[in-house]
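Okay, sequence plus prediction incoming.
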Amino acid sequence: MKKYIWPFLALGLSYCQEKAAPPEQVLPVPHERQIAWQDMQYYGFVHFNMNTFSDREWGFGDEKPEQFNPTALDAKQWARIAKEAGMKGLIITAKHHDGFVLWPSAYTEHSVKNSPWRDGKGDLIKEFADACRAEGLKVGIYYSPWDRNHPDYGKPEYITYMRNQLTELLTNYGEIYEIWFDGANGGTGWYGGANEERKVDKFSYYDWPTTLELVRKLQPNAMLFSDAGPDVRWVGNEHGFAYETTWSNLMRDSVYAGMPDFDKWATGQENGTHWVPAESDVSIRPGWYYHTYEDHKVRTLPELMEIYYKSIGQNSSLLINFPVDTRGLIHEKDEEAILKMAAKVKEDFAVNLAEEASFEASADRGIEYDAKNLSDGDFNTYWTTQDGEMQASVEIDFGKEVSFNRLLIQEFVNLGQRVKAFSLEKEVNGSWEKIAEGTTIGYKRILRFADTQAQKIRVNFLDGKGIPVISEIGVYSAPALLFPPKITRTPEGKVSITAAEGGSEIYFSTDGSKPEAGKNPYTNEFEVLTAQTVQAIAVDPRSGKVSDLARVDFDLPKAQWKVAATTEGSQKGVDEDINSYWTTENDVFQVDLGANAVLTGITYYPMQGRYPSGFIADYVIEVSQNGSSWKEVARGEFSNIANSPIEQIVRFDGVEARHVRLKALKTTDGDKATVAEFGVITR
Ligand code: FUL
Ligand code: CA
């Protein structure tokens, strides 16, 4: 144990009092630039480039600059939305795998300078940087090392090209806070007309040490991102989820960008040698680039909140992507979704119950490291114990019984990440009862649990790489996520209704009336075997707040239905799951309903995959009593299905039949027709 005597600094009453030295670092510790960055927590991605216009995720490299032609581009709109959403910076795809660049680079013709946008005089990196700075946002650059356009890709000459371009980007646009090097590298491409596959040795080809040296020289404060860091690492998935146990320590010398089995390193390691914190990246839609056919797939509020809690709440930063559309704007639906998330985060953390509470620790290191530092809102003041006191707990007394469901903890990671196990307990009649537990904490850890009432709680630090050094502890009561409940039915007709978040109550109706809070609560699944409308609402019992209405029009259950097919999987077209699908053999989807019914229409859900195919464009619907003689009841086109693959409904005059078939006369892409879900209408 080290103690200093600082007689010259001591004043007044504390004259000659011993001051405890801060705890020793536990290595590795963050660099200054990482300390500045970790506080940002949340920033945005803009994927906008040639792919926006070629409607692809990865361009081949043979696209033409003339294709890049946004009609209403406004980088100020992006920055305004990011700012309103609480983001601290934005990162733009200056060059993606197809090689097209958003600035007038002197080193290539494959650039905005040869596009119709702003008559070839535009510089999108400049417009972007100016717009960000006007809103107080930091500016980041995504640069793809892989270039499917460049003739020299794979040769040493290309590395010079890449460094020249990085020099342009890092010299001409002011301070850059993060540079994002993508791990996807090498493969087939156009490569100046060669049209071939070019494999590169991802470890050695780019000579990263030299490139990184250049980048450091030009932008000493910039965080360098790649799978392997060196400053910030990929989280190992594109769902935006870090891990229950997430270390900022990484065995950095064992990993490199684009390595095949990166996954197993993605959580970081307790004994990692370098400080390389995780960044969770995710798009607000399935694709990174804009596709109109994903307009109905913008992530919902419960999905976005899950991302928030699993990234920022699990020791990671969060990078959410906007696929800017062909106008050059963030789509209205994406804006709505991100602002809803921002509002919900604000609501969840509106009141820190710990702020007014009294804190008492089982041990501390002296007055400067008192437990009151845990609720002063200052990350740089912390509570810690004497050297060797590895286990300790902090009791929080609210003064009266309060209700809560979130615990937020921040470790003072500037001295290294330590905690390996902790738990939360509440006092019940003089004894302690466990509410929740966790492993790592890191810069920020948020535990979610069901609403709990208590006057006193305690946080136990059970195991760590060193003594606990904790900056802040917060306790919150997040209102239930009031999202319309999900109503689903099995093919057998069993209906279940689930709320987006535990703790909320559900009320429902099956007779067409509007469900009311307090009337007809949902407790168990029930049967719906005829055409019936089920409606439901979620209610927060504490505030009495009511969600929007959920409504599903069910028709005949499908358990007895048989799809005529010789290939496997045809029942996937009638399994009440829109995420499974079947590819038809001959563009015909034919069903035996098992019994006669009076049909007045059909429903068709096209395939919902990330790369869907076989949407039916032109159709004929036929019915039959015996399965051999057929009668046409409808014919037409599913307009705009390519761009909006939502449920299609066709109505016709009532007709009695046992068999029904949907025939594709044409699919949007010429591929075999696919069916995600087929249904009939009998009312
Ligand atoms: C990936 C890329 O291949 C995607 O297109 C996207 O840019 C994403 C952020 O990183 O590795
Ligand atoms: Ca503090």
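Here it is on my side, so go on. Residues are numbered from 1 along each chain as shown. Ligands and ions are numbered 1, 2, ... in the order given.

all contacts plus neighbour counts: C-alpha atoms, from now on.
Will do.

quick one: the helices in this structure?
Counting by DSSP state H, the chain has helices at residues 32-38, 50-54, 75-84, 124-134, 156-171, 208-218, 301-311, 332-348.

How many neighbouring residues does the nearest residue to Leu374 once chain neighbours are set aside have?
Nearest non-adjacent residue to Leu374, counting by Cα to Cα, 6 or more residues apart in numbering: Glu472, 4.1 Å away. Using other Cα atoms under 10 Å, Glu472 has 25 neighbouring residues.

Hmm, Glu472 is touching Gln410, no?
Yes. Between Glu472 and Gln410 there is a contact under Cα atoms under 8 Å: 5.2 Å.

Touching both of the two, which residues are there?
Residues touching both Glu472 and Gln410 by Cα atoms under 8 Å, 6 or more residues apart in numbering: Phe379.

For the residue nearest to Leu374, give its distance to Gly186.
Counting by Cα to Cα, to the nearest Å, the separation of Glu472 from Gly186 is 45 Å.

what do you get for Ala531?
Note on Ala531: its distance to Gly186, by Cα to Cα, is 54 Å.

Looking at these two, which one has more neighbours?
Using other Cα under 10 Å, the more surrounded residue of Ala531 and Gly186 is Gly186, with 20 against 15.

mind listing what the residue nearest to that one when sequence neighbours are not counted touches?
In space, not counting the residues next to it along the chain, Gly186 is nearest to Lys199; the distance is 5.0 Å by Cα to Cα, 6+ apart. Shown in contact with Lys199 (Cα under 8 Å, 6+ apart): Gly154, Gly186, Gly187.

check contacts around the closest residue to ligand 2 within the stretch 201-350 of the chain.
The minimum distance from the stretch 201-350 of the chain to ligand 2, using Cα to the ion, falls at Phe349 (16.9 Å). When contacts are counted by Cα under 8 Å, 6+ apart, Phe349 touches Tyr476, Ser477, Ala478.

Just send these back as CSV, with pLDDT too.
What follows is those, written out as CSV (pLDDT from 0 to 100):
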residue, pLDDT
Tyr476, 98
Ser477, 97
Ala478, 95
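
average pLDDT for stretch 165-174?
Mean per-residue pLDDT for stretch 165-174: 98.

Can you name the residues in contact with it?
Here stretch 165-174 makes contact (Cα under 8 Å, 6+ apart) with Ser105, Tyr107, Ile125, Lys126, Ala129, Ile176, Val215, Leu218, Gln219.

can you list the residues of the protein near ligand 2?
Selection of the chain residues close to ligand 2 by Cα under 5 Å from the ion yields Asn373, Leu374, Asp378, Phe379, Thr381, Tyr382, Ser471, Glu472.

pLDDT score for Ala664?
pLDDT for Ala664: 98.

Is it correct that it is in contact with Glu622?
No. Contact criterion Cα under 8 Å: Ala664 and Glu622 do not qualify, at 11.5 Å.

ok, the closest residue to Val419 other than its chain neighbours - how many residues close by?
Of all residues not flanking Val419 in the chain, Gly464 sits nearest, at 4.1 Å (Cα to Cα, 6+ apart). Close neighbours of Gly464, defined as other Cα under 10 Å, add up to 18.

who's in contact with Gly464?
By Cα under 8 Å, 6+ apart, the neighbours of Gly464 are Met390, Arg418, Val419, Lys420, Ala421.

tell me the least confident of the residues you listed?
Within the contacts of Gly464, pLDDT is lowest for Met390, at 95.

That one is in contact with Ile467, isn't it?
Yes. Using Cα under 8 Å, Met390 is in contact with Ile467, at 4.5 Å.

Nearest to ligand 2: which residue in the stretch 401-550 of the chain?
Of all residues in the stretch 401-550 of the chain, the one sitting closest to ligand 2 is Ser471 (4.3 Å; Cα to the ion).

Could you check how many residues crowd around that residue?
A count of neighbours around Ser471, defined by other Cα under 10 Å, yields 27.

do the one 10 residues further on as well
Residues within reach of Leu481, counting by other Cα under 10 Å, total 21.

Surely it is in contact with Leu304?
No. Leu481 lies out of contact with Leu304 (Cα under 8 Å); the separation is 11.4 Å.

For Met87, see how far away Leu318 is.
9 Å.

Who has more neighbours out of these two?
Each of Leu318 and Met87 has its neighbours counted (other Cα under 10 Å); Leu318 has more, 29 against 22.

OK, contacts around the more buried one?
So Leu318 contacts Gln41, Tyr42, Tyr43, Gly240, Glu279, Ser280, Asp281, Tyr308, Ser311, Ile312 (Cα under 8 Å, 6+ apart).

Please tabulate those residues in TSV and include neighbour count and pLDDT as additional columns.
Output for the contacts of Leu318, formatted as TSV (neighbours: other Cα atoms under 10 Å; pLDDT from 0 to 100):
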residue	neighbour count	pLDDT
Gln41	19	97
Tyr42	24	98
Tyr43	24	98
Gly240	26	95
Glu279	26	98
Ser280	27	98
Asp281	26	96
Tyr308	25	98
Ser311	31	98
Ile312	24	98
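
could those residues go into a markdown table alongside distance to ligand 1?
Formatted as a markdown table, those follow (distance: Cα to the nearest ligand atom, whole Å):
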| residue | distance to ligand 1 |
| --- | --- |
| Gln41 | 18 |
| Tyr42 | 16 |
| Tyr43 | 13 |
| Gly240 | 11 |
| Glu279 | 11 |
| Ser280 | 10 |
| Asp281 | 7 |
| Tyr308 | 18 |
| Ser311 | 16 |
| Ile312 | 18 |
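
between those, which is nearest Phe225?
Among the contacts of Leu318, Glu279 lies closest to Phe225 (Cα to Cα), at 8.7 Å.

Any buried residues in stretch 605-622, and which?
By neighbour count with 16 or more other Cα atoms under 10 Å, stretch 605-622 contains the buried residues 605-608, 613-622.

which residues make contact with stretch 76-93 from outside it?
Contacts of stretch 76-93 from elsewhere in the structure, counted by Cα under 8 Å, 6+ apart, are 40-49, 125, 128, 131-132, 135-143, 178, 329-330, 335, 338-339, 341-342.

Phe53 is in contact with Thr71, isn't it?
No. Shown here, Phe53 and Thr71 do not form a contact pair, counting by Cα under 8 Å, at 11.2 Å.

Pull up the overlap in contacts between the two.
Shared contacts of Phe53 and Thr71, defined by Cα under 8 Å, 6+ apart, comprise Thr326.

the more surrounded of those two?
Higher neighbour count among Phe53 and Thr71: Phe53, with 20 against 13, using other Cα under 10 Å.

wait, what's in contact with the more buried one?
Gln67, Phe68, Asn69, Thr326.

try it again with 7 Å
Phe53 makes contact with Gln67, Phe68, Thr326 under the criterion Cα atoms under 7 Å, 6 or more residues apart in numbering.

Can you give me the distance of the residue of the stretch 201-350 of the chain closest to ligand 2 to Pro209?
Distance of Phe349 to Pro209, computed by Cα to Cα: 42 Å.
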